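>>> sequence below, structure please.
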Amino acid sequence: MTGAVRKAVFPAAGLGTRFLPATKALPKEMLPLVDKPIIQYGVDEAIASGISDIVIVTGRGKSAIEDHFDVSFELEYLLEARGQKDLLKAVRAISDKVNVAYIRQSQALGLGHAVLRSRDLVGEEAFAVVLADDVIVASTPCLEQLIGIYRTFLAPVVAVMEVPPEHARLYGMVAAEQVSERVFRVLDLVEKPKAGEAPSNLAIIGRYILTPRIFESLACVEPGSGSEIQLTDGLKHLLRTTPLYAYKFEGTRYDAGDKLGFLKATVELALRRADLGPGFREYLRGLSL
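Now for the predicted structure:
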């Protein structure tokens with residue numbers, strides 16, 4: 001197994017019920033944060049981390065995602081005819097920078113099942129998994145940070161962050177021993193523990209570097225609540241035979257799959273923009289709600 005990571009899997013077959021009715025006809029992954037859909041932030045991060053091939057696991061009603069990453073001849077022709085070169089460059093960059101393939105998940109049977117569906121497209125090589133809901137702003141892309149740890153240990157790596165005890169029930173949590181300042185050797189994993197039962201304050205967030213053996217584990221684990229196959233359970237099974245590491249990434253993570261998190265991401269990403277930040281900041285200061 002080499003240290004190269006060329007492929008990234010994006011599970012995107014969820015129904016987006018937390019954003020209904022907006023997501024009745026529009027995939028949650030296509031909701032815009034300022035002027036880019038949620039999923040594009042993750043794809044841009046993958047590209048910046050050296051990923052060349054994207055596998056998107058989609059479901060019914062997700063064709064807008066495929067259209068977004070495809071060439072749009074009519075739009076490009078119109079922008080070119082109008083001399084709108086900056087917009088033309090931005091549109092072309094979406095389809096020019098990366099190879100995108102799609103596989104369907106006909107039923108929403110969990111994150112682990114979505115990853116398992118990508119098996120044939122991933123093949124026998126290490127790969128990343130990116131949950132687009134987790135938008136991460138970092139000077140060094142989060143995936144690039146994880147790939148660096150993978151190259152050191154040649155073993156699977158999950159991104160983690162510290163969370164308060166009352167939030168542990170929302171995440172997969174790890175028990176781990178510290179290896180260095182930000183690196184931990186995982187000893188156990190618990191999916192959404194009950195109050196007071198979390199093994200630590202380290203929560204898994206939506207970035208993973210995995211090896212092909214995860215597919216064997218996911219094929220073995222029994223479905224849990226709602227007949228879903230959880231990726232955390234697959235990692236727990238893998239841990240029996242394979243070392244697993246956790247990395248406390250550097251950067252700011254926004255939960256864009258939650259309404260409040262989505263609003264926070266929209267505001268803070270806009271404030272970071274040179275073209276929007278000054279005017280938007282002035283507007284916010286003048287509010288008297």
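>>> need phi/psi at the nearest residue to residue 69 once chain neighbours are set aside.
Closest residue in space to residue 69, ignoring its immediate chain neighbours: residue 100 at 4.7 Å, by C-beta to C-beta, 6 or more residues apart in numbering. In short, each C-beta sits where N, CA and C put it, glycine included. Dihedral pair for residue 100: phi -120, psi 130, per degrees, to the nearest 10.
>>> before we move on, what about the one 5 residues further on?
Recorded main-chain torsions at residue 105 are phi -110, psi 100, according to degrees, to the nearest 10.
>>> equivalent analysis for residue 145, please.
phi -60, psi -50.
>>> part of a strand, is residue 204?
Yes. Membership of residue 204 in a strand is supported by DSSP: H, G, I helix; E, B strand; the rest coil.
>>> what count of nearby residues applies to the nearest residue to it once chain neighbours are set aside?
Once flanking residues are discounted, residue 204 sits nearest to residue 172: 4.2 Å by C-beta to C-beta, 6+ apart. As a burial measure, residue 172 scores 23 neighbours (other C-beta atoms under 10 Å).
>>> then the one 3 residues further on?
Taking other C-beta under 10 Å as the criterion, the count of residues near residue 175 is 15.
>>> in contact with it, which residues are there?
186, 187, 188, 189, 190, 199, 200 (C-beta atoms under 8 Å, 6 or more residues apart in numbering).
>>> average pLDDT for the helix or strand where it lies?
Taking DSSP states H and E as the definition, residue 175 sits inside strand 172-178. The predicted model gives strand 172-178 an average pLDDT of 93.
>>> need the contact partners of the biggest helix by length in the chain.
In the chain, with assignment by DSSP state H, the single longest helix is helix 259-272. Outside helix 259-272, the residues within contact range by C-beta under 8 Å, 6+ apart are 18-19, 31, 33-34, 135, 137, 252, 254-256, 276-277, 280-281, 284.
>>> next step: those restricted to strands.
33, 135, 137, 252, 254, 255 (DSSP state E).
>>> shaky segments in the stretch 101-250 of the chain?
Scanning the stretch 101-250 of the chain for pLDDT under 70 picks out the ranges 225-226.
>>> switch to 80 and redo it
106-108, 195, 224-227 (pLDDT under 80).
>>> which residues in it form helices?
111-117, 119-122, 142-153, 213-220, 231-238 (DSSP state H, counting those that start in this stretch).
>>> just the angle between the fourth one and helix 231-238, please?
To tie it back to what came earlier, the one meant is helix 213-220. 110 degrees (axes from the mean of the first three to the mean of the last three C-alpha atoms, to 10 degrees).
>>> check which helices and strands helix 213-220 is in contact with.
Applying 3 or more C-beta pairs under 8 Å, 6 or more residues apart in numbering; DSSP states H and E, we find helix 213-220 packed against helix 111-117, helix 231-238.
>>> buried residues, it. List them.
Under the neighbour-count criterion of 16 or more other C-beta atoms under 10 Å, helix 213-220 has 213, 214, 215, 217, 218 buried.
>>> and which of those is nearest residue 244?
Closest approach between the buried residues of helix 213-220 and residue 244, by C-beta to C-beta: residue 214, at 10.0 Å.
>>> residues contacting that closest one?
115, 156, 234, 235, 238.
>>> tell me how far it lies from residue 134.
19 Å (C-beta to C-beta, to the nearest Å).
>>> same question, residue 154
25 Å.
>>> now the strands for the stretch 1-150 of the chain?
Assigned by DSSP state E, counting those that start in this stretch, the strands in the stretch 1-150 of the chain fall at 7-11, 32-33, 36-37, 53-58, 99-104, 127-130, 134-137.
>>> out of these, nearest to residue 64?
strand 36-37 (8.6 Å).
>>> distance between that closest one and the chain's centre?
Taking C-alpha atoms, centre = their mean, to the nearest Å, one finds the center of strand 36-37 at 14 Å from the center of the full chain.
>>> I'd guessed residue 162 sits against residue 204; true?
No. Assessed by C-beta atoms under 8 Å, residue 162 is found out of contact with residue 204, at 11.9 Å.
>>> those two: who's more crowded?
Comparing residue 162 with residue 204 by other C-beta under 10 Å, the one with more neighbours is residue 204, at 22 against 10.
>>> quick one: residue 260 from residue 86, how far?
Taking C-beta to C-beta, one finds residue 260 at 33 Å from residue 86.
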